[in-house]
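# give me a model of this one.
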Amino acid sequence: MKTDFAREISLKILYKIDVENGYSNIVLDEYLNKYREKLNIQDINLISEIVYGSITWKLTIDCIIQKYSKIKLKKISKWVLNILRIGAYQILFLDKIPKSAAVNESVNLTKKYAFKSTSFVNAILRKIKKEDYKEIENITSKEERISKLYSIPEWLVKKLLKEYTLVDAEEICKYSNEKPKTTIRINTLKINKENLIELLQQEGIKYEETNLNNFLFLKNIKNIAKLDLFKKGYFTVQDIGAGKISLILNPKKGEKVLDACSAPGGKTTHLAELMENTGEIIACELHSHRAKLVEENAQRLGIKIIQSQVKDMQKNIEEYIEKFDKILLDVPCMGFGVMKRKPDIKWQRKEEDVKEITKIQYEILKTCARYLKIGGELVYSTCSLLKEENENIIEKFVKQENIDNELKNIEYKIELEEKILPSKNTDGFYICKIKKDNKNAVLQ
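Residues are numbered from 1 along each chain as shown. All right, here's what the predicted structure looks like:
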């Protein structure tokens, strides 16, 4: 008996994620780097497909496994359950892999990691068929149907249905499982769009235009960080929705800008490019290792105006008060707009976490608003989709701050509010632009 090496590595990764509550991208990179010399490109692709696919569709897969198992899933060993998930994912969602191969390789893995369960795994996987997934469409409860059809926790589905139409809620869940596109932002400090496209074509890299200037989709690229064009800083990876955030803040040359939650630096460096590398950006992060990511990104892109600082942005910083022309608050959030890139979010976030994260969001907004000059503008953004993290925070802030500042003659006004729902081309985001003004200011 010989196990397929790629599937065995996939099992080890999923087991570690399951047992240690690890992040899929970190554990995947760890194992790929450890075994890179033994893996070819087909192996790497299969491992990535199985790992991300099994995590993305975990709820749906578990539901179908339970249909055929007399044993409750929580009583099945982690090794056996993850072998079942790997096999079921291939049977249900991968058309190019024959069912016989998926079953046989799973059985081989069981012989090595849980020998006594070999017949159990064999019996369950032989019963699973693609029609099991299609039958979910017949579930009458819309919450349960959407949850199991798109592998989204039912508590989150219920929240989405309260805030969106049935069509929009279902679209959000559907596109949260789409494979994300590789989107790049051209570094206009080093190269223009036409010249970069020419270099991409020379490298045999296919691209597609986007609806945002200086952003492109790359179509046939696997390890973007190893590209010479990336190392030279000609572009960085950034979603279109994320790119809109900096464009809406619209910083100008020579301005003083605060990016309060800056790591890993995608939006920070975009601000610097829009400022033509002229002015000053203070980029804050709570942890030094995350602040270092911002510095590394800035260095690769040739940006000189970013000062990275380790700060807790919930706490008042006296020297920052009314010192900034523009402020970006891309605050910590539940992350439900980026589930296609980070499927772990679905299983690691709990309903009770919403209350805790909104306290942090509101405190950062309230504290950092003091750092804005009169006449300055602030953008509050999240990669989440719940009103509790977005519209409700802004409504509470504007109302309360305007009451508190009645005697100071300061007024906060919402200038723009936009919500971007997940689609085939973008992740989901909420963006709100606020202006801090003197109530007696004369309109020009």
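
# wait, what's in contact with the residue nearest in space to the middle of the chain?
Most central in the chain under Cα atoms, centre = their mean is residue 338, positioned 3.4 Å from the mean C-alpha point. Counting by Cβ atoms under 8 Å, 6 or more residues apart in numbering, residue 338 touches 239, 345, 383, 427, 428. Heads up, the C-betas are built off the backbone N, CA and C, glycines and all.

# can you rerun that using 7 Å?
383, 427 (Cβ atoms under 7 Å, 6 or more residues apart in numbering).

# that one - that's part of a helix, no?
No: Residue 338 is assigned coil when assessed by DSSP: H, G, I helix; E, B strand; the rest coil, not a helix.

# separation between it and residue 103?
Distance of residue 338 to residue 103, given as Cβ to Cβ, to the nearest Å: 34 Å.

# can you report how many residues lie near the residue nearest to residue 224 when sequence neighbours are not counted?
Using Cβ to Cβ, 6 or more residues apart in numbering and skipping the chain neighbours, the partner closest in space to residue 224 is residue 230 (5.7 Å). When neighbours are defined as other Cβ atoms under 10 Å, residue 230 has 17 of them.

# next, residue 36: phi, psi?
phi -60, psi -40 (degrees, to the nearest 10).

# residue 69 and residue 124 touch, don't they?
Yes: using Cβ atoms under 7 Å as the test, residue 69 is close enough to residue 124 to be in contact (5.8 Å).

# more neighbours: which of the two?
More crowded of residue 69 and residue 124, by other Cβ under 10 Å: residue 124, with 26 against 18.

# how much space separates residue 359 from residue 245?
Where residue 245 is concerned, residue 359 sits at a distance of 23 Å (Cβ to Cβ).

# tell me the SS of the residue nearest to residue 224?
Assignment for residue 230 (three-state DSSP): helix.

# in the sheet, who's paired with residue 420?
For residue 420, the beta-bridge partners under DSSP bridges are residue 429.

# quick one: it from residue 144, how far?
Applying Cβ to Cβ to residue 420 and residue 144 gives a distance of 28 Å.

# so between the two, which is more surrounded?
residue 420 (21 against 14).

# hmm, that one is touching residue 384, no?
No: look at residue 420 against residue 384 with Cβ under 7 Å: they stay out of range, at 11.3 Å.

# which residues of this protein fall in strands?
182-186, 207-209, 215-218, 235-237, 256-259, 280-285, 306-310, 324-330, 372-382, 410-420, 429-438 (DSSP state E).

# make CSV out of those strands and add mean pLDDT.
Below are these laid out as CSV (pLDDT from 0 to 100):
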stretch, mean pLDDT
strand 182-186, 97
strand 207-209, 96
strand 215-218, 97
strand 235-237, 97
strand 256-259, 98
strand 280-285, 97
strand 306-310, 96
strand 324-330, 98
strand 372-382, 97
strand 410-420, 94
strand 429-438, 95
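
# I'd like the ones you listed laid out as a markdown table, including distance to residue 18.
A markdown table is the format used below for the strands of the chain (distance: least, Cβ to Cβ, whole Å):
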| stretch | distance to residue 18 |
| --- | --- |
| strand 182-186 | 28 |
| strand 207-209 | 36 |
| strand 215-218 | 32 |
| strand 235-237 | 28 |
| strand 256-259 | 35 |
| strand 280-285 | 30 |
| strand 306-310 | 33 |
| strand 324-330 | 30 |
| strand 372-382 | 28 |
| strand 410-420 | 32 |
| strand 429-438 | 30 |
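
# what's the closest non-adjacent residue to residue 411?
Closest to residue 411 by Cβ to Cβ, 6+ apart is residue 439, at 4.6 Å.

# same deal with residue 255?
residue 325 (4.1 Å).

# what does residue 17 give?
residue 27 (5.3 Å).

# now do residue 408 against residue 402, distance only.
For residue 408, the distance to residue 402 equals 10 Å [Cβ to Cβ].

# who has more neighbours, the two?
Counted by other Cβ under 10 Å, residue 408 and residue 402 do not tie: residue 402 has more neighbours, with 14 against 10.

# surely the more buried one touches residue 409?
No: in this structure, residue 402 is not within contact of residue 409 by Cβ under 7 Å, at 10.8 Å.

# okay, residue 403: pLDDT?
On the pLDDT scale, residue 403 is placed at 77.

# next, count neighbours for it.
Applying other Cβ under 10 Å, we find 8 residues neighbouring residue 403.

# could you do residue 35 as well?
Neighbours of residue 35 (other Cβ under 10 Å): 17.

# residues touching it, list them.
residue 9.

# cutoff 8 Å now
5, 9.

# isn't residue 284 right up against residue 257?
No: applying Cβ atoms under 8 Å as the test, residue 284 and residue 257 come out as separate, 11.4 Å apart.

# those two: which has the busier surroundings?
The neighbour comparison of residue 284 against residue 257 (other Cβ under 10 Å) goes to residue 257, with 26 against 23.

# run through the residues that contact that one.
249, 251, 271, 275, 279-282, 324-328.
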